[in-house]
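Chemist: Quick one, structure for this:
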Amino acid sequence: HLAMSLPLPSERDHLRPRIDMIVFMIDLKSKYSLEKLEASLVHVDIGYFLGKVCFLVTGAGRLNCSSIDMNAIRKLGEVYCSPVIFCELELEGMRVTTAQRLLRMLQICAGHVPGVSALFFSSMMRNSADD
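Modeler: Here you go, the predicted model:
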C-alpha cells in the first residue's frame, strides 16, 4: 500500500491490513520530499522504528543535482535507529536489486524468516553501515 503522507485516513482502519514495515522515500532532487517525510514522522509511534522502518533515498546516482543535505539524511537514520538505503531508480538493475532488498526486509519484519527478528536485522544493518 502506498501513502503520500501520514497519518493514514482513519475511516477504513478496520479494513486495513497489519502494517509490517514502513519505507519512507526521499527524492534527493526535492527538498519538499524531505519536508513531507519529516512532517509524517511524528505520526509513527517511536517504538515502531525499532526494526520496522527504513529510509529509501532515490536519486543517489546524481548527487550533483541534490537539493538535500546528505548529512540530514544520515542523521535521520541515526536519530530513528533505522537503515538508510541509497538507490538510483532510473537504472533497471538498481531497481531490481533495491526491490529484492526491500522484499527481504519485509519478510523479516513480517516474521516470515525463522530465527531472525526485525530488531536483530536492523541492528545488523546499522553495524554494517557504520563500518
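Chemist: Mind naming the longest helix for this protein?
Modeler: Looking across the chain with DSSP state H, the single longest helix is helix 92-109.
Chemist: where does it sit relative to the chain's centre, distance-wise?
Modeler: Its chain's C-alpha centre and that of helix 92-109 lie 11 Å apart, by Cα atoms, centre = their mean, to the nearest Å.
Chemist: What's the mean pLDDT across that helix?
Modeler: Helix 92-109 carries an average pLDDT of 91.
Chemist: And for stretch 60-70?
Modeler: Throughout stretch 60-70, pLDDT has a mean value of 71.
Chemist: Span of that stretch from start to end?
Modeler: 10 Å (Cα to Cα, to the nearest Å).
Chemist: if you go through the chain in chain order, where are the strands?
Modeler: With DSSP state E as the criterion, the chain has strands at 22-27, 53-58, 84-87.
Chemist: my guess is Val23 contacts Leu56, does it?
Modeler: Yes - Val23 is in contact with Leu56 according to Cβ atoms under 8 Å; the separation is 5.3 Å. From N, CA and C alone the C-beta is placed, and that goes for glycine too.
Chemist: joint contacts of those two?
Modeler: Contact with both Val23 and Leu56 is made by residues Leu102, according to Cβ atoms under 8 Å, 6 or more residues apart in numbering.
Chemist: Below-threshold pLDDT in the chain: ranges please.
Modeler: For the chain, applying pLDDT under 70 flags the ranges 61-66, 121-131.
Chemist: one more time with 90
Modeler: 1-20, 28-31, 33, 45-52, 59-74, 77-83, 88-91, 105, 108-131 (pLDDT under 90).
Chemist: Show residues contacting the longest helix of the chain.
Modeler: Contacts for helix 92-109 (Cβ under 8 Å, 6+ apart): 20-21, 23, 51-52, 54, 56, 61, 83, 85, 87-89, 113, 116-118, 121.
Chemist: Okay, buried residues for it please.
Modeler: Buried positions in helix 92-109, judged by neighbour count with 16 or more other Cβ atoms under 10 Å: 94, 98, 101-102, 105-106, 108-109.
Chemist: Quick check: nearest residue in space to Leu76, chain neighbours excluded?
Modeler: What sits nearest to Leu76 in space, not counting adjacent residues and going by Cβ to Cβ, 6 or more residues apart in numbering, is Phe55, at 5.7 Å.
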